[in-house]
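1. sequence? don't have it. structure:
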């Protein structure tokens, strides 16, 4: 506790007093904590609420479910309400039906006597409970599993191809002298920042010319030859001493073996950084899959999520739950690999 | 350097093992390539091998980036709704003329393609406001993270977290908060305000677009600035402290000049991204209310792919104009990063 307190009150020594910058730092950090994490936490909390509760205003912090009880003589379970009676006491009654402003209620303990209550005098009896069906139903009834699978397929395939082709190109560009090397490097550098949005129209016609519209490969292929990846890997491979390669050649290793057995393992740290980036990029891709995929069974998670939210009556309870599921892999990457990513960005100023 | 926590070791080994098992078939497959390639190598020598290694990446790159880039210009000179270049009629500079046809460029109503100019001015406003605010917020965050904080890596992670979220998730999270029954209205009503549908208000929708895109990206830029701050030699600050220099002066005379290269890279990268703004705002507002948050990329998307307005040539022309802006920014970026990478900095 004292450590936490010391942490919270830590400040620059200005004669033991708080300098305004200390106050500002504290406010900024804790404000940042709330603003950065708060919305995501609110999303997770909301995703466990029932549709009725989601439409409620003001929203509650915790998800509640209304209690229901089975009363003899009635087929369906009846919702429980806390009713303020005319004498001021409160009773817990089950509602049979509601007509206008009056509700017909019954005491579960004495089911024979019907009581008429003004609806203003009753409040739903609720307890904290999680609407887990928000999560289970999309998996059972909607195409969510398919979207998930499509996204996984796109992400894994794109990342594998990116790593393989980019590392091969980087190997050629860092370890061989050949005519036109400068030109190739120049072209790659020049397109380093050409975003997909500039070539959307002709790229789409290429994809459709190759018959790749409405296929997952149409989503994968245009994204895999990233100049960023080639550049990153090449810079790393340049630090591998050529003597190592020469020694292997003396031992009759083929060039492919040199690439595969020597250079690639030594490039592992850079490959890991690129792999993380690639996974996050491809998992999060939205615009290009939105254009290429028009058949619903091919949607990736991001497109599927968006199409759900675009419908006229938005089913927020499913959307929120699916959004949380979509976030999970990225949050896992974040939790375990945050340090890799941050140093990768700080080092390379990537993307 | 902090030492690695011992608890993360077993996990790392497990992951490594799992990775090895997953990779095994790939490894086996790729070893099979060796024999034919060795034969090829005997025939062509090292030069041929360089081509072999370059080929896959350059083929994909050529087909899906270079070729579209090259034909984009031809595309912009053709009309009709057909997709294949051969089926399209040549219309010359017609699309460019249409886009440039304005009696008063500041008033979109006088333009032939008012949707385009609306998108242009929206994008311009967005870029200026978003990049300015983003830079200030990122700078402040970096300066604070660079202080003598405890658990600095935790705080760094806090601000970095949204960077990894997908734009769709970002858009949905904030739509959920800003909607009529949302969290913002809870606060507003609690303070005595009215329950409002925030995203149907023009000005607020713009503010939301700016705010949300800052929220989503600030961690990335703060990190680049933080790396720059940490590269500034500590003895400069010690010397300033001995001289009794005021903190504001230290900032303007030491921190800012030495951070300038990183700051420029941050601004240019933020500009490049802001010019292309699309997904998170599209999910958040759909470009609305009306077309008040419709930006250039969305214009290209709508004109190029929406079935009603479909005019791929016009979209290509607009994308080339946007590409022109991006090329200028990219050249700046490359120039800056090259200067930054000079040895001895």
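-> Nice, I can see it. The model shown is predicted, which means the values in this text are computed figures rather than measured ones. Residues are numbered from 1 along each chain as shown, chains lettered A, B, ... in the order given.
2. burial of the residue lying closest to residue A:116 once chain neighbours are set aside, as a residue count?
-> With sequence-adjacent residues excluded and distances taken as CB to CB, 6 or more residues apart in numbering or on different chains, residue A:116 is closest to residue A:102, at 5.5 Å. Every C-beta, even on glycine, is put in place using the N, C-alpha and C of the backbone. By the criterion of other CB atoms under 10 Å in any protein chain shown, residue A:102 has 12 neighbours.
3. how near is residue A:267 to residue A:241?
-> Counting by CB to CB, to the nearest Å, the gap from residue A:267 to residue A:241 is 13 Å.
4. make that residue A:134, sorry
-> 56 Å.
5. Then residue A:105?
-> In terms of CB to CB, residue A:105 sits 85 Å off from residue A:241.
6. More neighbours: those two, which one.
-> Shown here are residue A:105 and residue A:241; by other CB under 10 Å, residue A:105 has more neighbours (25 against 9).
7. Over to that one. Which of the three states is it?
-> On the three-state scheme (DSSP: H, G, I helix; E, B strand; the rest coil), residue A:105 is labelled strand.
8. Contacts only, for the residue nearest to it when sequence neighbours are not counted.
-> Using CB to CB, 6+ apart and skipping the chain neighbours, the partner closest in space to residue A:105 is residue A:93 (4.0 Å). The contact partners of residue A:93, by CB atoms under 8 Å, 6 or more residues apart in numbering or on different chains, come to A:80-81, A:83, A:105-108, A:115, A:117, A:122.
9. What residues are bridge-paired with residue A:93?
-> Under the criterion DSSP bridges, residue A:93 forms beta bridges with residue A:81.
10. Next, work out how far apart the closest residue to residue B:289 other than its chain neighbours and residue B:322 are.
-> In space, and not counting its chain neighbours, residue B:289 is closest to residue B:200: 4.9 Å by CB to CB, 6+ apart. Distance from residue B:200 to residue B:322, counting by CB to CB: 28 Å.
11. With residue A:91 instead?
-> Per CB to CB, residue A:91 is found 67 Å from residue B:322.
12. Of the two, which one has the most company?
-> With neighbours defined as other CB under 10 Å, residue A:91 and residue B:322 compare such that residue B:322 has more, 23 against 15.
13. Hmm, residue B:275 and the more buried one touching each other?
-> Yes: taking CB atoms under 8 Å as the contact criterion, residue B:322 and residue B:275 are neighbours in contact, 6.7 Å apart.
14. give me the low-pLDDT residue ranges for chain A?
-> A:1-17, A:192-193, A:310-313, A:343-351 (pLDDT under 70).
15. all strands of it, in order?
-> Ranges of strands within chain A are A:64-66, A:68-69, A:78-84, A:90-99, A:102-107, A:110-118, A:122-124, A:126-128, based on DSSP state E.
16. in stretch A:326-333, what's buried?
-> A:326-327, A:329-330, A:333 (16 or more other CB atoms under 10 Å in any protein chain shown).
17. just stretch B:73-81 next, same as before
-> Neighbour counts using 16+ other CB under 10 Å place B:75-79 of stretch B:73-81 among the buried residues.
18. quick one on the thing from earlier: which residues are in contact with each of residue B:322 and residue B:275?
-> residue B:296.
19. what's the distance between residue B:220 and residue A:277?
-> Distance of residue B:220 to residue A:277, computed by CB to CB: 12 Å.
20. Can you name the residues that contact residue B:165?
-> By CB under 8 Å, 6+ apart, the contact list for residue B:165 reads A:40, A:284, A:327, A:330, B:173, B:216.
21. Repeat the analysis, applying 10 Å as the threshold.
-> Neighbour list for residue B:165: A:39-40, A:280, A:284, A:323, A:326-327, A:330-331, A:334, B:171-173, B:215-216, B:280 [criterion: CB atoms under 10 Å, 6 or more residues apart in numbering or on different chains].
22. likewise residue A:245?
-> If you count contacts by CB under 10 Å, 6+ apart, then residue A:245 has A:171, A:175, A:253, A:255, A:258-259, A:262-263 around it.
23. Export the residues you listed as CSV, with columns for neighbour count and distance to chain B.
-> Output for those, formatted as CSV (neighbours: other CB atoms under 10 Å in any protein chain shown; distance: CB to the nearest CB, whole Å):
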residue, neighbour count, distance to chain B
A:171, 27, 5
A:175, 21, 8
A:253, 18, 10
A:255, 26, 4
A:258, 21, 9
A:259, 25, 7
A:262, 16, 13
A:263, 23, 10
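24. Now flag whichever of those residues is closest to residue A:290.
-> For these, the minimum distance to residue A:290 (CB to CB) is 34.5 Å, reached by residue A:171.
25. Thought residue A:271 was touching that closest one, still the case?
-> No: the criterion here is CB atoms under 10 Å, and residue A:171 misses it with residue A:271 at 11.7 Å.
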